[in-house]
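Participant: Predicted model follows, preceded by the sequence.
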Amino acid sequence: MTLQRSGQRVSLSWLCLVLLIPTLADAQYETYSFKSFPEADIVSLDAVYGGALEQYTAHNWGPTIRALEHSLRLHRLLRESEALCSRTCGAAGREEERGDPGGLLRVMEHFILRASCLKKCKAQLPVFSVAPPRRDTLDAFENRVPYRYLQYAYYQSNNLEKAVSTAHTFLQKNPEDPYLTKNMNYYKSLLDVEAYLIDHEERPYEVRIHRPRNAFFVSISSVFLKGVKLYNNDDFSGSARNMELAIAEFFKMYNLCLAGCEGSYEIIEFKDFYPTLADVYMEVLRCKVRCEDNLTPSVGGFFVEKFVATMYHYLQFAYYKLNDVRSAAPCAASYMLFDPQDPVMQQNVAYYRFYREQWGLEEHHFLPQPEALKYYNQTTKQKEMLQFALNYLQTDDEDVVSPEEVRTGAPQEPPDAEFEGIGDYEESFVADWWQEPKTKWDTGEDSE
């Protein structure tokens, strides 16, 4: 019996190119500070963004850039403020049991206590003193539409470096957009773009080495890619270490995304109490279901399918190669949550069970990791509830939309369909980062 590895290997040459990209300033975020955001800059996001589009229409590129960067900072401040209050008030009403006056009363008590906490929290944050943005404005920022305008304004201002970075940021969310792909190909014909391929919306996190002074900032995708590179180089210890970091940070960012979904919602229809609650909660669910896709990295123009499962797959095989089967087995069980029918992983789990006595494995080693199980249960339940709401709360004249359609959304027509004077380019800028392995799978040695 042998342990097998399914899937495909990442192109090592392409990964080396990605990992050599230097860390540059965060462009529109280089002056951003949550704690010391200028009070004079806290204005309506709708007004700033609308003004930016007016300047764009008038071809006033300098004012367009300043207004769009201002709007991006405002949106980030709003998002982080919502997440802060949600985290602060997450336990409101749960500190102690207050008897059992009835299930509904207990639920409503929790709502009221949490609402009170959120009201106090938001009263202390200046960003909530202005009118909240419209839903279509928030949707535009979620889909990174401002970056599409911004990259063209930078191009017209002859700032090609920032045009490249903002176009790349948009393409990370919309890799199949034909217009921005064409623009990126054009930029590639003008300069070496690798140093400017920065995703401005990817939140970096801090890694501390030994002492607090020894710290640096990295991103989830960069740590994941480093783990893949080390894996392909047979550095399984380094690969496992980086995959553990990437998984932990992904779950942290996922929880922040969930918290940010519990912000302000516009009620535009007069309804009874329960339908109103259901409508608002359905919008919250739409947002939370999208969190999974919003955090899935795009590598070489392709989203990493089943990102969490992929990280556990690399992790379980790296631990196996390190002869740490007690760590490998829970990772395999975690992977099986997301793809229970994978025949190769089924065989790997059977392999671990066959040699369980030799490795000293007990039944709890075949259980998924707690954080993986929590994430799986959350995402599964959210999709089920959203599908239920879409099936049973839609009015007769509304089309039923699946959670998958909610997650992907419809593409929007860009304002700059083509660059004037730019010809067609055959050279593709989209790299195929997955390539077929030389053999069907890697085979481990039988245990003696």
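Facilitator: Structure's in. What do you need?

Participant: Okay, now the unreliable bits of the protein?
Facilitator: The chain contains residues with pLDDT under 70 at 1-31, 91-102, 203-218, 266-271, 394-448.

Participant: ranges for the strands of it?
Facilitator: 9-10, 205-208, 215-218, 298-299, 302-303, 434-435 (DSSP state E).

Participant: Let me see the contact set for residue 221.
Facilitator: Contact analysis of residue 221 by C-beta atoms under 8 Å, 6 or more residues apart in numbering lists 199, 202, 297, 299. Any C-beta I mention is one placed from the backbone N, CA and C, and that applies to glycine too.

Participant: Max pairwise distance over those: which two?
Facilitator: Spatially, the most separated pair among these is 202 and 299, at 12.0 Å (C-beta to C-beta).

Participant: The two: which has the busier surroundings?
Facilitator: residue 299 (22 against 17; other C-beta atoms under 10 Å).

Participant: Where is the longest helix in this structure?
Facilitator: helix 61-88 (DSSP state H).

Participant: which residue packs closest to residue 291, ignoring adjacent ones?
Facilitator: residue 257 (3.8 Å; C-beta to C-beta, 6 or more residues apart in numbering).

Participant: Give me the phi and psi for the residue nearest to the spatial centre of the chain.
Facilitator: Centroid check for the chain by C-alpha atoms, centre = their mean gives residue 295 as the closest residue, at 1.1 Å. The phi/psi pair for residue 295 (degrees, to the nearest 10) reads phi -100, psi 0.

Participant: ok, now which ones touch it?
Facilitator: 220, 250, 253, 254, 257, 307.

Participant: Out of those, who's the most crowded?
Facilitator: residue 220 (24 neighbours).

Participant: separation between that residue and residue 242?
Facilitator: Going from residue 220 to residue 242 by C-beta to C-beta, to the nearest Å gives 11 Å.

Participant: what's the answer for residue 339, then?
Facilitator: Using C-beta to C-beta, we find residue 339 at a distance of 22 Å from residue 242.

Participant: Same drill for those two, tell me which one is more crowded.
Facilitator: Using other C-beta under 10 Å, the more surrounded residue of residue 339 and residue 242 is residue 242, with 26 against 16.

Participant: residue contacts, the nearest residue to the more buried one once chain neighbours are set aside?
Facilitator: Leaving out its chain neighbours, the residue that sits closest to residue 242 by C-beta to C-beta, 6+ apart is residue 227, at 3.5 Å. When the contact criterion is C-beta under 8 Å, 6+ apart, the partners of residue 227 are 238, 239, 240, 241, 242, 243, 246, 311, 314.

Participant: And residue 227, how far from residue 317?
Facilitator: 11 Å.

Participant: Also residue 82?
Facilitator: 39 Å.

Participant: Of the two, which one has the most company?
Facilitator: Each of residue 82 and residue 317 has its neighbours counted (other C-beta under 10 Å); residue 317 has more, 27 against 23.

Participant: surely the more buried one meets residue 327?
Facilitator: No: using C-beta atoms under 8 Å, residue 317 makes no contact with residue 327, being 11.3 Å away.

Participant: rewinding a little: among the contacts of residue 295, give me the pair with the biggest separation.
Facilitator: 257 and 307 (13.6 Å).

Participant: ok, now how distant is residue 260 from residue 131?
Facilitator: Counting by C-beta to C-beta, the gap from residue 260 to residue 131 is 19 Å.

Participant: Quick check: nearest residue in space to residue 334, chain neighbours excluded?
Facilitator: Per C-beta to C-beta, 6+ apart, closest to residue 334 is residue 372, 3.8 Å.

Participant: got the contact list for residue 122?
Facilitator: 81, 85, 128.

Participant: Go through the residues you listed and say which is closest to residue 121.
Facilitator: Distances from residue 121 to the contacts of residue 122, taken by C-beta to C-beta, are shortest for residue 85, at 3.9 Å.

Participant: could you measure the nearest residue to the closest one once chain neighbours are set aside against residue 239, distance?
Facilitator: Using C-beta to C-beta, 6+ apart and skipping the chain neighbours, the partner closest in space to residue 85 is residue 121 (3.9 Å). With the distance defined as C-beta to C-beta, residue 121 ends up 41 Å from residue 239.

Participant: Who has more neighbours out of these two?
Facilitator: residue 239 (25 against 19).

Participant: I figured that one hits residue 225, correct?
Facilitator: No: using C-beta under 8 Å as the test, residue 239 is too far from residue 225 to be in contact (11.0 Å).

Participant: Run through the helices of the stretch 251-400 of the chain in chain order.
Facilitator: 273-294, 307-321, 325-338, 343-354, 356-359, 370-392 (DSSP state H, counting those that start in this stretch).

Participant: Same question for the stretch 51-200 of the chain.
Facilitator: 61-88, 103-123, 135-142, 145-156, 160-173, 178-190.

Participant: Residue 260 reaches residue 76, doesn't it?
Facilitator: No: using C-beta under 8 Å, residue 260 makes no contact with residue 76, being 10.7 Å away.

Participant: thinking again about what came up before, ok, the residue nearest to residue 85 to residue 128 distance?
Facilitator: 9 Å.
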